[in-house]
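Peer 1: Turn this into a structure:
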Amino acid sequence: MTAAIPEFSPSDIIEINILADHITLWAGRLNVCQYHLLKMIAEFDTRKGWSGAGTVRSCADWLNWKCGIALATSDVRFAPCLRWYWCNRIGGVPWRQ
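Peer 2: Below you'll find the predicted structure:
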């Protein structure tokens with residue numbers, strides 16, 4: 001379940017501490033979203049979901065073509081490392097979509 005995200009404009013924020021709190025809150029949310037995106041990219045790449053498009057050479061090319069995400073191949077290679085880290089260093093269970 002997703003919590004409602006309050007809307008605000010910078011002019012509504014009077015104290016700098018409140019602005020700092022909002023920045024750290026949103027940075028945390030972005031990190032969570034990026035983590036979930038990398039998990040999905042790792043699974044997509046592992047299953048070679050990008051290869052069905054015909055002339056696409058790699059997952060990085062597919063992401064650029066379909067999503068406008070300009071990732072280097074090394075960035076795509078990093079995503080599966082999250083699975084290893086989660087299972088071996090933290091003791092988690094491999095994720096499934």
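Peer 1: just the helices in the protein please.
Peer 2: 16-46, 59-67, 73-84 (DSSP state H).
Peer 1: Can you tell me which of those is packed in deepest?
Peer 2: helix 59-67 (a mean of 17; mean count of other C-beta atoms under 10 Å). To be clear about C-beta, it is placed using only N, CA and C from the backbone, and glycine gets the same treatment.
Peer 1: what angle sits between that helix and helix 16-46?
Peer 2: 120 degrees (axes from the mean of the first three to the mean of the last three C-alpha atoms, to 10 degrees).
Peer 1: Which other helices and strands does helix 59-67 contact?
Peer 2: helix 16-46, helix 73-84 (3 or more C-beta pairs under 8 Å, 6 or more residues apart in numbering; DSSP states H and E).
Peer 1: Just send those helices back as TSV, with mean pLDDT too.
Peer 2: Below are those laid out as TSV (pLDDT from 0 to 100):
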stretch	mean pLDDT
helix 16-46	87
helix 73-84	63
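Peer 1: Take those and lay them out in TSV including distance to residue 57.
Peer 2: Output for the helices and strands packed on helix 59-67, formatted as TSV (distance: least, C-beta to C-beta, whole Å):
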stretch	distance to residue 57
helix 16-46	13
helix 73-84	10
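Peer 1: Quick one: closest of those to residue 67.
Peer 2: helix 16-46 (9.6 Å; C-beta to C-beta).
Peer 1: picking that back up, out of the helices of the chain, which comes closest to residue 52?
Peer 2: Closest among the helices of the chain, once you apply C-beta to C-beta, is helix 59-67, at 9.4 Å.
Peer 1: picking that back up, could you dump the helices of the chain into TSV with distance to residue 52 added?
Peer 2: Below are the helices of the chain laid out as TSV (distance: least, C-beta to C-beta, whole Å):
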stretch	distance to residue 52
helix 16-46	11
helix 59-67	9
helix 73-84	17
